[in-house]
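> coordinates only, no sequence provided:
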């Protein structure tokens with residue numbers, strides 16, 4: 001084979017190798033970008049889970065048919081629904097005796113914390129809180145009323161929650177801040193009274 005043909009063959013092979021190397025590098029770069037994007041972006045399942053979690057946080061109104069009481073006012077708000085919305089932000093917060101938020105609450109601490117945010121000063125004692133406001137019958141309950149129970153077994157008031165409408169109330173139970181219903185056997189049999197502190 002002539003020397004010129006050998007030189008041409010050598011140059012051709014070098015070009016092929018060079019192009020192969022370039023394409024390989026480009027391919028690796030493309031794969032790397034796709035992999036990095038996949039890591040940074042939530043998967044479809046993760047997105048569904050996130051959306052579901054966010055829905056649980058904001059859909060308490062639909063689930064529990066929370067009512068609002070128009071016309072109820074204090075200096076810092078126009079609708080008792082604001083108080084209920086604020087209270088429901090803490091659903092899931094843990095229970096801890098003697099605490100008043102925002103990471104943990106006991107029952108009276110939760111009431112004191114929520115109402116205090118709207119300029120209503122209450123003591124950190126369920127037994128003392130019962131002396132505030134106007135007594136209302138169970139049949140006349142309105143959103144924002146405080147509902148009291150005897151859960152200690154001695155007949156004295158020992159638990160409190162905020163009525164949110166449709167028979168439901170939000171409170172700091174031993175399981176944490178949650179929504180319960182007055183018709184539940186446990187609470188129905190221990191219900192004592194209710195007080196209206198929002199005029």
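Received it, and whenever you're ready, just let me know what you need. These figures come from a predicted structure and were not determined experimentally.

> tell me the domain boundaries of this structure?
3-41, 67-196 (automatic domain parsing).

> what's near enough to touch the nearest residue to residue 197 once chain neighbours are set aside?
Leaving out its chain neighbours, the residue that sits closest to residue 197 by CB to CB, 6 or more residues apart in numbering is residue 133, at 3.7 Å. Placement of C-beta: from N, CA and C, glycine included. Each residue near residue 133 by CB atoms under 8 Å, 6 or more residues apart in numbering is listed here: 146, 195-197.

> with residue 162 instead?
Contacts of residue 162 by CB under 8 Å, 6+ apart are 83-84, 87, 111, 114, 144-147, 169-171.

> which one of those residues is nearest residue 94?
residue 171 (13.5 Å; CB to CB).

> tell me what the closest one is bridged to.
Listed beta-bridge partners, residue 171: residue 178 (assigned using DSSP bridges).

> just to check, it is in contact with residue 163?
No - Residue 171 is not in contact with residue 163 according to CB atoms under 8 Å; the separation is 9.8 Å.

> just give the number of residues close to the closest residue to residue 144 other than its chain neighbours.
Distances taken as CB to CB, 6+ apart place residue 80 nearest to residue 144, at 3.7 Å, with adjacent residues excluded. When neighbours are defined as other CB atoms under 10 Å, residue 80 has 26 of them.

> coming back round to it: which of the contacts of residue 133 fall within strands?
Under the assignment DSSP state E, those contribute 146, 195-196 to strands.

> so for stretch 172-179, what gets flagged as buried?
For stretch 172-179, burial by neighbour count (16 or more other CB atoms under 10 Å) applies to 172-173, 176-179.
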